[in-house]
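# Predicted model follows, preceded by the sequence.
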Amino acid sequence: MAKYPSRARKLAVKPEELLRHAIRHYSEQSGKLWVFLGDYYTRLGEFSKAREVFEEALASLTSVRDFGVIFNAYLKYEEAMLEMPDQSDDEDARGEDSDSEESLADQVDALLDFTFRDIPEKQE
């Protein structure tokens, strides 16, 4: 679904609903499923929605393992966004760079918040 979002949109069930259902019911795979949902929106070109998904995923974590999976995917996403060619003039680019720096700072804050939360690690 995440690799072929245009085909997935033709399914009887909306891909977002299907992935969110899976996240709720398959908690042992929730980290990977959140990443699939973020990747789905990235491939559709809905970058702000993809960022919202990653941030929602970080806010609703249930295990340290999921944190690693989601945070790494989120960082790769942000790096890809920084490397995308910019179509705007220099002033807009400077503004976007500062937004990206703020976003990365928010990610570090999320890391620190998560580190200090009391989330028991599931035994595998």
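Yep, that arrived.

# Point out where the chain drops to low pLDDT.
Applying pLDDT under 70 to the chain flags the ranges 1-12, 86-105, 107-124.

# Could you report the neighbour count for Glu52?
Using other Cβ atoms under 10 Å, Glu52 is surrounded by 13 other residues. Where you see a C-beta, it was placed from the backbone N, CA and C, and this is true even at glycine.

# how near is His21 to Leu33?
Distance, His21 to Leu33, using Cβ to Cβ, to the nearest Å: 10 Å.

# So which of the two has more stuff around it?
More neighbours surround Leu33 than the other of His21 and Leu33, with 24 against 12 (other Cβ under 10 Å).

# Under a three-state scheme, what state does the more buried one occupy?
At Leu33, secondary structure determined by DSSP: H, G, I helix; E, B strand; the rest coil is helix.

# What segments of this structure are strands?
Remark: no strands are assigned in the chain by DSSP state E.

# ranges for the helices of it?
Here the chain has its helices, by DSSP state H, at 5-8, 15-25, 30-44, 47-59, 64-83, 90-116.

# and the nearest residue to Ala73 once chain neighbours are set aside, what does it touch?
Spatially, and ignoring its direct neighbours in sequence, Ala73 is nearest to Val35 (4.3 Å; Cβ to Cβ, 6 or more residues apart in numbering). Counting by Cβ atoms under 8 Å, 6 or more residues apart in numbering, Val35 touches 57, 69-70, 73.

# tell me which of the residues you listed is nearest to Ser63?
Distance to Ser63, by Cβ to Cβ, is smallest for Val69 among the contacts of Val35, at 9.4 Å.

# Quick one: neighbours of Met81, just the number.
16.

# Surely it touches Ser48?
No - at 10.3 Å, Met81 does not count as touching Ser48 under the criterion of Cβ atoms under 8 Å.
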